[in-house]
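In: make a model of this:
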Amino acid sequence: MIRSMWPYLALMLLCAGIFPALERRLRWRLFNWLPPIVWTYLCVTALAAAGLWRVEGEIAVAQSMLVRHLVPALVFLLMIHCDLRAIAALGPRVLAVFFVTTLTIVIAFIATFLLYRPWLPADAWQPLAALSGSWVGGTANLIAVKQAIGMPDSLLAMSMLADALCYSMWFALLFSIGRLAPAFNRWTGARASSEGLVVTQPESRAVTPDAVLLWLGLALASAFACGELAAHLPAAGLFGVNTWTILLATAAGLIVAHTPLARMAGASATANALLVAVVAVLASQSNFDGIAQAPLYLLCGLTILTLHGSLLVLAARLFHFDLHLCGIASLAHVGGVAATPILAASYARALVPVGILLALLGYILGTGVGLGVAALLSRLATG
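Out: From the prediction side, this is the model:
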């Protein structure tokens, strides 16, 4: 079992690099179905489930440090070639997908509660209501709903466990379906949201090691500076240090995008490598230790996500939504501001700001939606 940081870090880098290398050198057909980044996620998740390391001690510290610094560094790099004017033109369409996604999640919670009500305890509506706050916004919304409805602390573990386990599975699934977008969009009659957006400006020169090191150093320095500045900003409600750091990194990247630095080769290559590394670290945080403690709540969570996904697919067919925007909107609800830009980057890099904005909108609405779901479920429980 791995217990220290360096073997853990070496394994994450190996897992992040092996699958892109295999695709480039061997061109196996399996990569036509699942891209290397998905194989990296699944491989690391399997190793975590097998107990090769535990999320505790030095490993937990390393994971926390890497996520805290690498995610804003990645966001900074992903902003370098974004076309804000084209993204703004997506406005009404993006909001339509977001609110349809919210509606499908609310319907899924109500339908799941009614389906499993005969087997659920009398107070089961409370953990589900708290979970709905998280699956529109984030953990902060879950805690806010829990406090507002007076849910006992003893039930909090049920919400947190279902949230963590089901989110890990949903994250992997959304990563996996990215390459189905052309077929899905033909079926729904949708135009890809990334069309017309500037994803990456072509590198005019060959990428050299010094350029990669310069961009990596600039990204990490930006992440550190944004984190330090975020620590001095007011942490009011849902806007804590992590959220401020992501927002500041986004702004820093957009500023650099309008300077001569943006013409320097290497930003795309560095972002690609960092993206796979971040995905590996996020996958390594998967923890399935408590899966046997709350099987019914886990079943409820899986059912909610299945119904949500099915309803969103039907809505996409009806309203001509594209797959990438649906996936980003879904993870903006279920995953939050840290994970959504990672998924968006794996779909189309120009959609990263869209993912961040939708996740922030989820944070804003999560508590209110969660309390609305709580009111409905409590009425159904006593009715």
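In: OK, contacts around the residue most central in space within the chain?
Out: Centroid-nearest residue in the chain, with C-alpha atoms, centre = their mean: Ala339, separated by 2.4 Å. Shown in contact with Ala339 (C-beta atoms under 8 Å, 6 or more residues apart in numbering): Phe171, Leu282, Leu331. For glycine as for every other residue, the C-beta is placed from the backbone atoms N, C-alpha and C.
In: who touches the helix or strand hosting Tyr167?
Out: Here Tyr167, judged by DSSP states H and E, is contained in helix 156-176. The contact list for helix 156-176 (C-beta under 8 Å, 6+ apart) reads 34, 37-38, 41-42, 45, 127-128, 130-131, 134-135, 139, 142, 146, 279, 282-283, 286-288, 290-291, 293-294, 297-298, 300-302, 304-305, 327, 330-331, 334-335, 339, 343, 346.
In: helices and strands around the next helix or strand after it, which ones?
Out: Next along the chain after helix 156-176, taking DSSP H and E as the criterion, comes helix 181-188. Counting contacts by 3 or more C-beta pairs under 8 Å, 6 or more residues apart in numbering; DSSP states H and E, helix 181-188 packs against helix 295-319, helix 323-334.
In: deepest in the core, which of the ones you listed is it.
Out: Compared across the helices and strands packed on helix 181-188, helix 323-334 shows the largest average neighbour count, a mean of 28 (mean count of other C-beta atoms under 10 Å).
In: give me the helices and strands touching it, please.
Out: Helix 323-334 sits against helix 91-116, helix 156-176, helix 181-188, helix 295-319, helix 340-347, helix 352-382, with contacts defined as 3+ C-beta pairs under 8 Å, 6+ apart.
In: about what we covered before: by pLDDT, give me the weakest of the contacts of Ala339.
Out: In terms of pLDDT, the lowest of those is Leu282, showing 79.
In: any idea of the angle the helix or strand where it lies forms with helix 352-382?
Out: Element membership for Leu282, per DSSP H and E: helix 267-284. For helix 267-284 against helix 352-382, the angle by axes from the mean of the first three to the mean of the last three C-alpha atoms, to 10 degrees is 20 degrees.
In: could you figure out how far helix 267-284 is turned away from helix 340-347?
Out: Counting by the same axes, to 10 degrees, helix 267-284 points 120 degrees away from the direction of helix 340-347.
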